[in-house]
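Asker: Okay, structure incoming, though there's no sequence with it:
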């Protein structure tokens, strides 16, 4: 089953890191990505730019609007994600528990919905 591991943390923690601290975290992330590729869990993933680079698009009543910034104002911002393959939620949580930026915030593990399935990905 596929799971999205969404990485959230307060961007100010990253901003407060020295260049060597940041480089060490990036090196950990790259090494972790290589390990989960080798294990067969990795399907994709990316690091995201800081939230001020976000544009939120909305369509309501036939009118399109685009606003600067994320949809919700929170203390933690979406920093990146891994798309993984795991047998079940327990294995997905184990994979997510080793994501290096977890120590800065949290990782949301969410099953991916298969809308091509006969039930169109919607439970009864």
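Answerer: Looks like it came in fine. Only a predicted model underlies this, so the values are computations on that prediction, with no experimental measurement involved.

Asker: Can you show me the helices along this structure?
Answerer: Using DSSP state H, the helices of the chain run over residues 11-15, 19-39, 89-96.

Asker: Residue 61: which of those helices is closest?
Answerer: Taking Cβ to Cβ, helix 11-15 is the member of the helices of the chain nearest to residue 61, at 33.1 Å. (Glycine included, C-beta is placed from N, CA and C.)

Asker: Can you name the residues in contact with the closest one?
Answerer: 22, 50-51, 77, 79, 104-105 (Cβ atoms under 8 Å, 6 or more residues apart in numbering).

Asker: 7 Å - rerun?
Answerer: The contact list for helix 11-15 (Cβ atoms under 7 Å, 6 or more residues apart in numbering) reads 22, 50-51, 77, 104.

Asker: same thing with stretch 24-40?
Answerer: 42, 45, 84-85, 95, 98-101.

Asker: ditto for stretch 89-108
Answerer: Outside of stretch 89-108, the residues within contact range by Cβ under 7 Å, 6+ apart are 3, 5-10, 13, 25, 28-29, 32, 36, 41, 76, 79, 82, 84, 86, 109.
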